[in-house]
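K.L.:
with the sequence up front, the predicted model follows.
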Amino acid sequence: MWKKVVVVVLCAAVAAFSMGQTECQPVWPDAPFDATGGYEGTWQGQTTPGPEEKEDPQVIVACPLSMTLTQSTQPGLLGSYPIQGTVEVDYSCLELPEWVGEIPPSTTNVTGGLTADGKLTLLSGGCGTGVCVLLTMAGEGVDADLDGAMDTYSGAWSFIILLAGVQPFGVSGTFEVAAVD
């Protein structure tokens, strides 16, 4: 008898407290800044030897990097603010093995997210028959002048090529970009 009374009282309490509530929406923290805009800077790092190479990795310093980003004003999955854009990586500063040839700058569509603490991650990639190409960028954005817009973005990046049956190769290192007026 007491069990039935307790269940009825609990159900009544839940019904009373939920009256007028149409939906339950989580409250996410505001974005630390708006990352929408154009950015230019450099990337640096080292190559991972390719399938034909037996040499040490090549060290690369200050190669051109640019990006254009658009940030959503509404939080997405797990409260991060969705980012879309393009990243142009210039490879002209690389000394590539002859079998690779000259690589023109690549413009890659990226997606990612900005967290409330200013961490920004951008990803892109795709696979075809026997090959995958992946671009990852993870770092921190900063609003140095506190005007509500991201001024700089820096962190770690990698551009990896995966061929079936061959050790992965590519370029990895760090990057830093600043907003372009």
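P.N.:
Sure, I can see it.

K.L.:
the residue positioned nearest the centre of the chain sits in which helix or strand?
P.N.:
To find the centre residue of the chain, average its C-alpha atoms and take the closest one (C-alpha atoms, centre = their mean): that gives residue 122, at 1.6 Å. Using DSSP states H and E, the secondary-structure element containing residue 122 is strand 119-128.

K.L.:
what comes up buried for that strand?
P.N.:
Across strand 119-128, burial judged by 16 or more other C-beta atoms under 10 Å covers 119, 120, 121, 122, 124. In short, each C-beta sits where N, CA and C put it, glycine included.

K.L.:
quick one, what contacts the second one?
P.N.:
Residues in contact with residue 120 (C-beta atoms under 8 Å, 6 or more residues apart in numbering) are 35, 83, 112-114, 137-141, 150, 153, 155.

K.L.:
what do you get if the cut-off is 7 Å, keeping everything else the same?
P.N.:
Contacts for residue 120 (C-beta atoms under 7 Å, 6 or more residues apart in numbering) come out as 35, 83, 112, 114, 139, 140, 141, 153.

K.L.:
go on, the last one?
P.N.:
Residues in contact with residue 124 (C-beta under 7 Å, 6+ apart) are 108, 109, 110, 135.

K.L.:
what's the neighbour count on the second one?
P.N.:
Read it as residue 109. By the measure other C-beta atoms under 10 Å, the count of residues near residue 109 is 12.

K.L.:
that one contacts residue 88, doesn't it?
P.N.:
No. When contacts are counted by C-beta atoms under 7 Å, residue 109 is not listed as touching residue 88 (11.0 Å).
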